[in-house]
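Engineer: sharing a sequence plus its predicted fold:
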Amino acid sequence: MHELSIVMSIVDTVEKERGKQQADAVESIELDIGMISGVEMDAFYFAWDAGVSKTILENTKLKINRPPAKAKCTACGHSFAATSSFDACPECGNPFCDIISGKELRIKRMIVIKN
Amino acid sequence: MCMTCGCGNSTENNVLIARPGKVNPEELSLMPEQKHDHEHPHHHHHDHPHTKTVVEMEQDILQSNNLTAERNRGFFEAKNILALNLVSSPGSGKTSFLEKTLHDLKDEIPFSVIEGDQQTFNDARRIESQGIPVVQINTGQGCHLDSDMVHRALKKLNPPEKAVVMIENVGNLVCPALFDLGENSRIVLISVTEGDDKPIKYPDMFQSADICIINKIDLLPYVNFDMEKAKDYAKRVNHHLKFFEISATTGEGMDAWYDWLRKERT
């Protein structure tokens, strides 16, 4: 259940940024959570509800983008959409491919409100 | 961060970090009441319009963990320390592997150990009985070590110049994968009593590791474990992995691992 740590890390980061911006509330937040980032979304939503309670993010609208997994073959260089972190290259069959996207874990932007 | 109630200000209250035998009884009267002293914005109702600002963050969610990990890494580098993060599921033999390594090399290499478990000082006592400096981290409800816990443990441990710091993570093949501790190398252990498809069942951990140690090879004749298949699966997930096949009980295969350890220190 590392998802709760991730939620608490978001709360901390947002609190700091809110202070810097001298904002009073956070209307919405947009996250990138890659398809193979290691975050289980059901657990994340569960942790979100528990974790943001009584914090600055309690009533904040949450938007989550899911960047798809992409891999690049180390043999032929072909880039392809992957379904896991261990897909073989669909062009040449080489099982050794590097993940080039889908591992994102990022706070993209937020909209803050100043009273 | 608090993993009991989800309040974000109580890491210090929830995690116990101490040398065995030096536990402050006050610390042990577990988990003081969580203080909810977050600041809450006031919801005034004024007449003037509220202004909205879009803040482009583009910030890694785990940035604060990563920053502290880099700080740990800087500490290790400055003191010429080799730090290794041992991860595996519970029961793969991390502590036995560690004990065997310490036993065989302690006259040659100054070791310091950080033990991570949810509860008990059992592992730290096992290490301390060999005369090795050790700090135990009890994470309470936490399922992984993070860089801040290691940072605080390092302050208590104070490892000497050119030491090898072995960090035994909480037994868990999922959660520790995402948390950089500042280590030089991450070592994932599996044992032949587990399934040979572990690497593709838990790919994140194998992808984030540098070394894969396959333990309990003395039991190979009795179990249905296909060594080549396991290594092939692991390589599919991470083709940079380096393998050692060992038995912490009989000592078989440990020499190759010791050679690697000696080489990494120089």
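Structural biologist: Received the coordinates, thanks.
Engineer: can we go C-alpha only for contacts and neighbour counts from here?
Structural biologist: Will do.
Engineer: how far away is residue B:218 from chain A?
Structural biologist: 29 Å (Cα to the nearest Cα, to the nearest Å).
Engineer: and that residue, what pLDDT?
Structural biologist: Predicted confidence (pLDDT) for residue B:218: 98.
Engineer: let me see the contact set for the residue nearest to it when sequence neighbours are not counted.
Structural biologist: Leaving out its chain neighbours, the residue that sits closest to residue B:218 by Cα to Cα, 6 or more residues apart in numbering or on different chains is residue B:247, at 6.0 Å. Neighbouring residues of residue B:247 by Cα atoms under 8 Å, 6 or more residues apart in numbering or on different chains: B:215-218, B:253-254.
Engineer: same question for residue B:200.
Structural biologist: A:86, B:233-234, B:237.
Engineer: quick check: phi and psi at it.
Structural biologist: With angles defined as degrees, to the nearest 10, residue B:200 sits at phi -90, psi -10.
Engineer: buried residues, the helix or strand containing residue B:149. List them.
Structural biologist: In the assignment (DSSP states H and E), residue B:149 maps to helix B:147-157. The neighbour-count check on helix B:147-157 (16 or more other Cα atoms under 10 Å in any protein chain shown) flags B:147-151, B:153-154, B:157 as buried.
Engineer: which is the next helix or strand following the host helix or strand of residue A:49?
Structural biologist: Element membership of residue A:49, judged by DSSP H and E, is helix A:41-52. Sequence-wise, the next helix or strand downstream of helix A:41-52 (DSSP H and E) is strand A:61-65.
Engineer: over to residue A:70: give its phi and psi.
Structural biologist: phi -130, psi 140.
Engineer: do the same with residue B:234
Structural biologist: Residue B:234 adopts backbone torsions of phi -60, psi -40, taken as degrees, to the nearest 10.
Engineer: got a list of what it touches?
Structural biologist: Residue B:234 is in contact with B:199-200, B:206, B:241, counting by Cα under 8 Å, 6+ apart.
Engineer: again, but for residue B:84
Structural biologist: Contacts of residue B:84 (Cα under 8 Å, 6+ apart): B:164-167, B:183-187.
Engineer: pull up the pairing partners for the strand or helix carrying it, direction included.
Structural biologist: Residue B:84 is located in strand B:82-87, with elements delineated by DSSP H and E. Strand B:82-87 has its sheet partners listed here by DSSP bridges as strand B:164-168 (parallel), strand B:185-191 (parallel).
Engineer: contacts for stretch B:181-189, please.
Structural biologist: With contact meaning Cα under 8 Å, 6+ apart, stretch B:181-189 is reached by B:65-66, B:68-73, B:82-89, B:92-94, B:145-147, B:150, B:205-206, B:208-215.
Engineer: name the helices or strands packed onto the longest strand seen in chain B?
Structural biologist: Counting by DSSP state E, the longest strand found in chain B is strand B:51-60. Contacts defined by 3 or more Cα pairs under 8 Å, 6 or more residues apart in numbering or on different chains; DSSP states H and E place strand B:51-60 against strand A:105-114.
Engineer: returning to what we had before: between the contacts of residue B:234, identify the one with the most neighbours.
Structural biologist: Neighbours here mean other Cα atoms under 10 Å in any protein chain shown. Within the contacts of residue B:234, the largest count is held by residue B:206, at 31 neighbours.
Engineer: thought that residue was touching residue B:199?
Structural biologist: Yes - at 6.1 Å, residue B:206 and residue B:199 qualify as touching, with contact defined as Cα atoms under 8 Å.
Engineer: what do these two both touch?
Structural biologist: Between them, residue B:206 and residue B:199 share these contacting residues under Cα under 8 Å, 6+ apart: B:234, B:237.
Engineer: picking up where we left off before, out of the contacts of residue B:247, who's nearest chain A?
Structural biologist: Using Cα to the nearest Cα, residue B:215 comes nearest to chain A of the contacts of residue B:247, at 23.1 Å.
Engineer: the strands paired with strand B:82-87: which one's closest to residue A:109?
Structural biologist: strand B:185-191 (32.0 Å; Cα to Cα).
Engineer: state the pLDDT value of residue 59.
Structural biologist: I went with chain A, as the question did not name one. At residue A:59, pLDDT is 95.
Engineer: hmm, no, I was thinking of chain B.
Structural biologist: Residue B:59 is given a pLDDT of 92.
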